[in-house]
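**Q** Provided below are the primary sequence and the corresponding predicted coordinates.
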Amino acid sequence: MKVGLFIPCYIDQFYPQVGIATLQLLEKLGCVVEFPLLQTCCGQPMANSGFAKLSKGCDTNFVNNFSNYEYIVAPSGSCVLHVKEHLQSEDNPELAKHIRASVYELTEFLTDVLKITTLDASFPYKVGMHNSCHGQRGLHLSSMSETVAPAFSKPGQLLQMVKGLQLSYPQRVDECCGFGGTFCVFEEAVSVKMGKDRIKEHTANEVDYITGGDISCLMHLEGILKRQGSNTKTIHLAEILNSKL
Amino acid sequence: MKDHASLAEQFIKDEARTDWHDETLWFVRQKRDKAAYGLPEWEQLRTWASEIKDHTLSALDNYLVEFETNAIANGIKVHWAVDAAAHNKIVYDIMKAQGVKKLVKSKSMLTEECHLNEYLQQQGIEVVDTDLGERIVQFRKEPPSHIVLPAIHLKKQEVSDTFHEHLQTEKGNNDPQYLTHAARLHLREKFIESSVAITGVNFAVAETGGFVVCTNEGNADMGAHAAKVHIACMGFEKIIPKAAHLSVFLRLLARSATGQPITTYSSHFNKPRHGQELHVVIVDNGRSRQLGREDFRNSLKCIRCAACFNTCPVYRRSGGYSYHTAVAGPIGAILNPNLDVQAYSDLPFASTLCGSCTNVCPVKIDIHQQLWKWRQVVTEEAKVPISKKMGMRFMAWILDCNVNYKAAGKIGRWVMRNLPFLVKNKLNPWYKQREMPDAPKESFKEWYIKNKKA
């Protein structure tokens, strides 16, 4: 299966290991992975700040890079949701439509398209799950505490396949961490307070790692953890699923 | 005026109190969850409520006229107010015709929106809010901080101090039962003294010309039953077509608001009792404009349950006053920009767009989607700091094409590694309470070109 790999800008720049893990994991599972070299960003930082009109350049670039793939996969629920909801192209509306329907977040690609049931991975640590909002409430990667429906979790389903991993959930199972894109700087006080409160619940569970499908949330939590001098670390789901420790 | 971010920062300075506020409201959210999970048909009820409201909004003019016709036939006097000033004047004129100077009022967020209390007080009229929480904040000369729980920002010691000052209760006696009893005795006097009672309206039924008022304290009933004149004030979106529809809304309202199966009192007013005058004031105040905005129309489906407040992680940690308006929280953040896009241009940004508000909304308003859309409107219609505009343009210029992006990334990471003081300083809001991420020497793209491209 041929896959176009979309590595969001902040992963590319600050967390290359997440991109590498995603690529290796997909290859291990038999995919032929191509990484279009001229890709940059999905445009979400401008759009969520009220400047969607300034994200047209990013849209065009995205369409140019990804219109040839049947499957586009990215290790970020937030960026995938942005593409799904907002990618537009005045010149090629059909191509944009095709991309919106073909873009997958990594975990849903593994559970729904590749339909994997086993995974050759081990990670012998206690891991706390952070449900990132855009993946959860936007892409429905897991059931949501607000709605009355059967419980499920695509990331949880995958983590259960990892040997040695002990999964735990915080008390408020799907409260936002407070990252929120530019919210994290324009509403700094609330953002940090929300992050501290998430961390408190995870450290009460004595986790070694906090994991999730969005490195943006994890970068925010990591920043607070490091400032607190905590031993708790953050790690992207893709890195765990690609681990053999 | 201070914006949400700075008011929130002020609120959070007292971290222990912020935790208490957050936990108190989270407790209410959990009560709501229990009530919702208790009904297997919960999601179906939400869908019905949403569809009834969508339908009503699509034919609102017809339903309003139907309501008016039936209400008049029942002996109710119906008034139409184009804005807050007109609403306030209608109420005052009724008072003047009666020659009375005192009134009791049960909870009505509409009258808060119209600033009715201030207006009437300027005309020399004594207004007594009879909802316990509202009476507490009224004594303190504060506005409500929450549309269902107006005094939720106060601890019982503070209520005790306030009652000691205004009702001469025992100093330091924080017993809720004792304090509530004192309020009850005080309010009984006010109910007896007042010949005019104002109530809000939760649902106005077009087919019957009657309306329903929901309270837990029975204060709307005490006021309306004792007074010679009852004035009910409603925003025009409170209409529902049929009485049968109450079977959907009354099941959703209290469960969403407080986790109760139903409010203690759901009182139906259909006609004035013998010798009583019954007035209904139907208010527009910007609602027509909102109805005309396709993207924001369905915000008028709101039944004011405040479930979105209680679930909002931002509201719980910033308090009602940080929204500097009568209706705070996520729903306030999409209603207020319609009233004044400049004054409330900060509110659509007081959210992480987590989407929890949309999920709890009993009438399925897509609140977080509308927050996103308001952001787009605000940057067009309100004044945005030039630094923010330029910053966004610059960011777009970098991210638009690979050449700029690659160069900026490389330079940025080099600076972070070699001149860390340029990012690790007080001017960087990220760094205030968080460490910067490590800046790797190699981006993923660089690694890929080196290792995989062949």
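**A** In hand now; what should we look at?

**Q** what's the domain layout of chain A?
**A** Taking automatic domain parsing as the reference, chain A has its domains at A:2-113, A:126-241.

**Q** near chain B at all, the longest one?
**A** So the one you mean is domain A:126-241. Yes - against chain B, domain A:126-241 shows contacts by Cβ under 8 Å from any Cβ of the partner chain at A:133-134, A:137-138, A:144-149, A:172, A:174-176, A:178-181, A:183-195, A:197, A:219-220, A:222-224, A:226-227. Backbone N, C-alpha and C define where each C-beta goes, glycine included.

**Q** before we move on, the earlier item: need the domains of chain A in TSV (columns: distance to B:Ile367).
**A** TSV is the format used below for the domains of chain A (distance: least, Cβ to Cβ, whole Å):
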stretch	distance to B:Ile367
domain A:2-113	15
domain A:126-241	12
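
**Q** next up, the contacts around B:Cys357.
**A** B:Cys308, B:Thr311, B:Cys312, B:Gly329, B:Pro330, B:Ile331, B:Ser351, B:Ile367, B:His368 (Cβ atoms under 8 Å, 6 or more residues apart in numbering or on different chains).

**Q** where does the second one land on pLDDT?
**A** B:Thr311 carries a pLDDT value of 98.

**Q** is it true that it touches B:Arg29?
**A** Yes - judged on Cβ atoms under 8 Å, B:Thr311 makes contact with B:Arg29 at a distance of 5.0 Å.

**Q** which residue ranges of the chain form strands?
**A** I'll assume chain A. Applying DSSP state E to chain A gives strands spanning A:2-5, A:32-34, A:71-74, A:103-105, A:126-129, A:166-168, A:209-212, A:233-236.

**Q** that's the wrong chain, I meant chain B
**A** With strands called from DSSP E, chain B shows them at B:77-81, B:102-105, B:126-129, B:196-199, B:203-205, B:210-215, B:229-235, B:239-240, B:265-269, B:277-283.

**Q** give me the contact list for the fifth one.
**A** Read it as strand B:203-205. Applying Cβ under 8 Å, 6+ apart, the contact partners of strand B:203-205 are B:67, B:210-212, B:234, B:238-243, B:245-246, B:249, B:280.

**Q** kindly reformat the domains of chain A as JSON lines containing mean neighbour count and mean pLDDT.
**A** Compiled in JSON lines, those are given as follows (neighbours: other Cβ atoms under 10 Å in any protein chain shown; pLDDT from 0 to 100):
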{"stretch": "domain A:2-113", "mean neighbour count": "21", "mean pLDDT": "97"}
{"stretch": "domain A:126-241", "mean neighbour count": "21", "mean pLDDT": "97"}
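
**Q** my guess is A:Met46 contacts A:Gly57, does it?
**A** No - when contacts are counted by Cβ under 8 Å, A:Met46 is not listed as touching A:Gly57 (9.3 Å).

**Q** so what sits against both of the two?
**A** Common neighbours of A:Met46 and A:Gly57, counting by Cβ under 8 Å, 6+ apart, are B:Ala396, B:Leu399.

**Q** report the backbone C-alpha coordinates of the helix or strand of chain B with the lowest mean pLDDT in CSV.
**A** Ranking every helix and strand in chain B by mean pLDDT, DSSP states H and E puts helix B:386-400 at the bottom, with a mean of 92. Written as CSV, here are the backbone C-alpha positions of helix B:386-400 (Å, rounded to 0.1, in the frame of the first residue of the first chain):
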residue,chain,number,x,y,z
ILE,B,386,-0.9,45.6,14.0
SER,B,387,1.8,43.4,15.5
LYS,B,388,-0.5,40.4,15.4
LYS,B,389,-1.4,41.1,11.8
MET,B,390,2.2,41.5,10.7
GLY,B,391,3.2,38.4,12.7
MET,B,392,0.6,36.3,11.0
ARG,B,393,1.6,37.6,7.5
PHE,B,394,5.2,36.8,8.3
MET,B,395,4.4,33.4,9.5
ALA,B,396,2.3,32.7,6.4
TRP,B,397,5.2,33.9,4.2
ILE,B,398,7.5,31.4,5.9
LEU,B,399,5.1,28.5,5.8
ASP,B,400,3.9,29.1,2.2
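
**Q** contacts only, for the nearest residue in space to B:Asp129 that is not next to it in sequence.
**A** Using Cβ to Cβ, 6 or more residues apart in numbering or on different chains and skipping residues adjacent in sequence, the residue nearest B:Asp129 is B:Gln138, 4.7 Å away. Neighbouring residues of B:Gln138 by Cβ under 8 Å, 6+ apart: B:Asn117, B:Val128, B:Asp129.

**Q** again, but for A:Phe152
**A** A:Phe152 makes contact with A:Ser142, A:Ser143 under the criterion Cβ under 8 Å, 6+ apart.

**Q** measure it to B:Ala73 for me?
**A** Between A:Phe152 and B:Ala73 the distance is 53 Å, computed by Cβ to Cβ, to the nearest Å.

**Q** swap in B:Asp33?
**A** Here the distance between B:Asp33 and B:Ala73 works out to 43 Å (Cβ to Cβ).

**Q** next: A:Cys41.
**A** With distances defined as Cβ to Cβ, the gap from A:Cys41 to B:Ala73 amounts to 62 Å.

**Q** skip the chain neighbours and tell me the closest residue to the residue located most distally from the centre of chain A.
**A** The outermost residue of chain A relative to its centre, with distances by Cα atoms, centre = their mean, is A:Asp91 at 29.3 Å. Excluding the flanking residues, the one nearest A:Asp91 by Cβ to Cβ, 6+ apart is A:Thr60, at 7.6 Å.

**Q** the one you found and A:Ser89 touch, don't they?
**A** Yes - with the criterion set as Cβ under 8 Å, A:Thr60 and A:Ser89 qualify as a contacting pair; they are 6.6 Å apart.

**Q** returning to what we had before: ok, B:Asp33 and B:Ala73, which is more surrounded?
**A** Comparing B:Asp33 with B:Ala73 by neighbour count (other Cβ atoms under 10 Å in any protein chain shown), the higher total belongs to B:Asp33, at 18 against 10.

**Q** and the pLDDT at the more buried one?
**A** Looking at B:Asp33, its pLDDT reads 98.

**Q** pretty sure it contacts A:Met144?
**A** No - B:Asp33 sits out of contact with A:Met144 when judged by Cβ under 8 Å, with a separation of 10.9 Å.
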